[in-house]
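Asks: Task: produce atomic coordinates for the following.
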Amino acid sequence: MVESTSEDKIDKAPLLEISNLRVHFDTMDGPVEALHDVNLTVEEGQIMGIVGESGCGKSVTSLTAIGLATCEVDEGSITFCGDEMVFTTSERNKNLEIISTRVSVTSVFLSIISFIWLLIEPVQGAVLLFISISLLIGGVLTSFLSKTPALAHERFMRTIRGNEISMIFQEPMTALNPLYSVEKQISEVMSEHDRLAPRDISKFGRISRALFYPFSILIQLFKERKQQLLFTSFLFAMVLAQGFSGPLSDWDEKSLVSGFKAINLSWIFFPLVPALATLGLDDGQNRASHAISLMPSSFSLSLVLYLALWMPFSVFMSITAVFAMFAIPSMIASDYLKLDPNHRDQVVEILKQVQIPNPESVVSMFPHELSGGMRQRVMIAMMMSCEPKLLIADEPTTALDVTIQAQILSLMRNLRKEKGTSIMLITHDLGVIAEMCDFVTVMYAGRVVEKAPIGELFDNPRHAYTRGLLASSPSLDSERKSVLPAIPGQVAQPSDFVSGCRFCQRMGRTGDTLSTRPEMEEISPGHWVENCPECVGGSDEAWSVLNV
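Replies: Predicted coordinates:
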């Protein structure tokens, strides 16, 4: 049942409201229910926590709320700022989709027959082909008409996702694209939602800069490796001047040294003379490798000289030309796609807001170069770049050490304080819930079993499952070397869920509680609980199994 608002609650519509939500997944064994009659709200400026074991439906609830879940919504409503987020296909559109599918299949079958019939009776075959093409066009148009409302709703959801509601996914390494730098991924989100500042460089300026980029690399390389480049150029000039087409390793050291002296450049290449002298060794392989090892340290130059020494000059130049044909366009394209300085400054400023050290360097890094805490901060920066009203954080501190976890939680609190952002925090950690949240929703087996303000839930837990979660968490009052109680069993498979109390199913109980679902009741202002007589009560019988 849908809960009414308590008397002390401000008469104001919540930011996000999920009412009577039921969803299922289609499997090979038939539909499997994932959520059953889920009701929860997130108020403006509130941090609402969702807690429960794995398989209880926390992530499915959040993904369904933003339209990213692959499940089918059976019934219920999800509203954000009064706008409906759940799209339900009408019976008319369902029938149109069925008709379009059948017409398309029929048209394909007729087209096959018509091609065969053309060989027997060309006129009749042409008529049959015309009919099949007409049916195919009709099927496509019918399909388009049936999907038009769904496409319009998807466009609406794209304006909401990222812009109004953002989500921090459970594992940042899988959520971030490993092929793009940090600045590229954050700026892409901002570009999608028109949050980027005007460009500092015009389109013509970007094209001019990109075309000049290969030459700028050569100029920079010449400044840093002047002697190596001069030597390589002189080497090629000697080859061209003497019309040499064989391997350079056949030359003797006297020819090379005399060539240097002839143009009075021996003082520049004096460190290279011992290397050139080794070309007179008997073993060709040893003299080449030894010569290259004595040359100035540069792997690329060594590779170039090795190729020049051991292959015909014409072949070497052909390879160089082919390499340039592919390398130069790639260099031009990469520079053209480089982030505008204004946009880069925006990304740097966002990274500063999430307290990333040295953001000017981090913006050009890739996800694999960052630690887990840094990747999580980048995810938060990406989600907060459009200043959403609601932030859904799905296990934001998973696999992080305690120090980094505290920093991430402090960062989220500051975002709520400074930006007024509401947060839906999904976690297994009741310590995080106690530290962060204003309100808590406890989910079990696809249902909400209890929800209450943070103080009320910790001081007066009513459902046996909630008491079991609290008892299994360590506290300062725990005796040394004592064993924490654990909830016996595990969450049942969704295909095995009973229609009644699913926690009673876990406890191995029998009776009417397994066939009839208990109703949600408000036992105190703002404190709601699934009122199963076996799981909720004033005596110890309700949770004696838990030894709590």
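Asks: how's this protein carved up into domains?
Replies: Residue ranges for the domains of the chain, per automatic domain parsing: 16-81+432-546, 91-160, 206-336.
Asks: quick one: which of these is nearest Leu179?
Replies: When those are compared by CB to CB, domain 206-336 sits nearest Leu179, at 13.1 Å. Any C-beta I mention is one placed from the backbone N, CA and C, and that applies to glycine too.
Asks: what are the ranges of the helices in the stretch 251-400 of the chain?
Replies: 253-262, 273-277, 284-294, 299-310, 313-336, 341-353, 359-362, 372-384 (DSSP state H, counting those that start in this stretch).
Asks: follow-up on the earlier one: mean neighbour count, distance to Arg413 and mean pLDDT for the domains of the chain - can I get that in JSON lines?
Replies: Below are these laid out as JSON lines (neighbours: other CB atoms under 10 Å; distance: least, CB to CB, whole Å; pLDDT from 0 to 100):
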{"stretch": "domain 16-81+432-546", "mean neighbour count": "18", "distance to Arg413": "7", "mean pLDDT": "86"}
{"stretch": "domain 91-160", "mean neighbour count": "14", "distance to Arg413": "25", "mean pLDDT": "83"}
{"stretch": "domain 206-336", "mean neighbour count": "14", "distance to Arg413": "40", "mean pLDDT": "59"}
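Asks: first to last residue in stretch 414-424, what's the distance?
Replies: Distance between the two ends of stretch 414-424: 15 Å, counting by CA to CA, to the nearest Å.
Asks: Could you list the buried residues of it?
Replies: Buried residues in stretch 414-424, counted by 16 or more other CB atoms under 10 Å: 415-416, 421-424.
Asks: what's it in contact with?
Replies: 15-16, 42-48, 50, 62, 380, 384, 387-393, 412, 436 (CB atoms under 8 Å, 6 or more residues apart in numbering).
Asks: Now with 7 Å, please.
Replies: Contacts with stretch 414-424, where a contact means CB atoms under 7 Å, 6 or more residues apart in numbering, come from 15, 42-48, 50, 62, 384, 387-393, 412.
Asks: swap in stretch 374-390?
Replies: Contacts for stretch 374-390 (CB under 7 Å, 6+ apart): 15-16, 42, 162-168, 172-173, 175-176, 182, 185-186, 189-190, 193, 195, 350-351, 354, 356, 367, 370, 391, 396, 400, 408, 411, 415, 419, 421-422, 424.
Asks: ok, now stretch 342-354?
Replies: So stretch 342-354 is contacted by 183, 186-187, 190, 196-200, 359-360, 362-363, 377, 380-381, 385, 411 (CB under 7 Å, 6+ apart).
Asks: can you rerun that using 6 Å?
Replies: With contact meaning CB atoms under 6 Å, 6 or more residues apart in numbering, stretch 342-354 is reached by 183, 186-187, 196-197, 200, 359-360, 362-363, 377, 380-381, 385, 411.
Asks: still on that earlier bit, among the buried residues of stretch 414-424, name the ones in strands.
Replies: With DSSP state E as the criterion, strands contain 422-424 from among the buried residues of stretch 414-424.
Asks: List just the nearest of these to Val103.
Replies: The nearest member of these to Val103, counting by CB to CB, is Met424 at 43.7 Å.
Asks: beta partners for the closest one?
Replies: Beta-bridge partners of Met424, counted by DSSP bridges, are Met48, Ile392.
Asks: which helix is the longest one in the protein?
Replies: Criterion DSSP state H: the longest helix present in the chain is helix 122-160.
Asks: ok, then the element right after it?
Replies: Sequence order places strand 165-168 as the next helix or strand after helix 122-160, per DSSP states H and E.
Asks: Tell me which residues of that next one come out buried.
Replies: 165-168.
Asks: Show me what it packs onto, helices and strands only.
Replies: For strand 165-168, the packing partners by 3 or more CB pairs under 6 Å, 6 or more residues apart in numbering; DSSP states H and E come out as helix 372-384, strand 390-394.
Asks: re the thing from before, closest to His36 out of the buried residues of stretch 414-424?
Replies: Closest approach to His36 among the buried residues of stretch 414-424 (CB to CB): Met424, at 19.5 Å.
Asks: The closest residue to Arg195 other than its chain neighbours - how many residues pack around it?
Replies: Excluding its sequence neighbours, the residue lying closest to Arg195 (CB to CB, 6 or more residues apart in numbering) is Cys386, at 5.3 Å. Using other CB atoms under 10 Å, Cys386 has 18 neighbouring residues.
Asks: Strands along the protein, start to end?
Replies: All strands of the chain, identified by DSSP E, fall at 16-27, 30-42, 47-51, 72-80, 83-84, 165-168, 390-394, 422-427, 439-444, 447-453, 520-524, 527-530.
Asks: okay, those strands in CSV with distance to Ala152 next?
Replies: CSV is the format used below for the strands of the chain (distance: least, CB to CB, whole Å):
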stretch, distance to Ala152
strand 16-27, 22
strand 30-42, 25
strand 47-51, 30
strand 72-80, 17
strand 83-84, 13
strand 165-168, 19
strand 390-394, 23
strand 422-427, 26
strand 439-444, 32
strand 447-453, 31
strand 520-524, 35
strand 527-530, 36
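Asks: Among the ones you listed, single out whichever gets nearest to Ala333.
Replies: With CB to CB, the closest approach to Ala333 among the strands of the chain belongs to strand 165-168: 31.0 Å.
Asks: tell me the mean pLDDT for the closest one?
Replies: Taken as a whole, strand 165-168 carries a mean pLDDT of 88.
Asks: Please render the domains of the chain as JSON lines that adds distance to Arg344 to the earlier fields.
Replies: Shown next, in JSON lines, are these (distance: least, CB to CB, whole Å):
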{"stretch": "domain 16-81+432-546", "distance to Arg344": "29"}
{"stretch": "domain 91-160", "distance to Arg344": "25"}
{"stretch": "domain 206-336", "distance to Arg344": "14"}
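Asks: need the contact list for the most centrally placed residue in the chain.
Replies: By CA atoms, centre = their mean, the chain has its centre lying nearest to Ala175, at 2.2 Å. Applying CB under 6 Å, 6+ apart to Ala175 gives the contacts Phe169.
Asks: So for it, what's the pLDDT?
Replies: Reading off the model, Ala175 has pLDDT 80.
Asks: Same question for Ser361.
Replies: 90.
Asks: ok, it - how many residues close by?
Replies: By other CB under 10 Å, 12 other residues sit near Ser361.
Asks: Same check on the one 3 residues further on?
Replies: Counted with other CB under 10 Å, the burial measure for Ser364 works out to 13 neighbours.
Asks: Identify the residue spatially nearest to it, adjacent ones excluded.
Replies: Spatial nearest neighbour of Ser364, chain neighbours left out: Ser181 (5.5 Å); criterion: CB to CB, 6+ apart.
Asks: neighbours around that neighbour, how many?
Replies: For Ser181, using other CB under 10 Å, the count is 18.
Asks: ok, now how distant is it from Val347?
Replies: Going from Ser181 to Val347 by CB to CB, to the nearest Å gives 10 Å.
Asks: Could you report the separation of the residue nearest to Arg195 from Ser191?
Replies: For Cys386, the distance to Ser191 - CB to CB - is 11 Å.
Asks: Just give me the neighbour total for Asp194.
Replies: The burial count for Asp194: 8, using other CB under 10 Å.
Asks: Can you list phi and psi of it for me?
Replies: Backbone torsions for Asp194, taken as degrees, to the nearest 10, come to phi 60, psi 50.
Asks: Next: Phe169.
Replies: Phe169 adopts backbone torsions of phi -80, psi 170, taken as degrees, to the nearest 10.
Asks: got the contact list for it?
Replies: By CB under 6 Å, 6+ apart, Phe169 lies in contact with 175, 394.
Asks: Use 36 as the first number from now on
Replies: OK, 36 is where the count begins now, so the last one is Phe204.
Asks: Would you confirm that Ile85 contacts Lys93?
Replies: Yes: counting by CB atoms under 6 Å, Lys93 is a contact partner of Ile85 at 4.9 Å.
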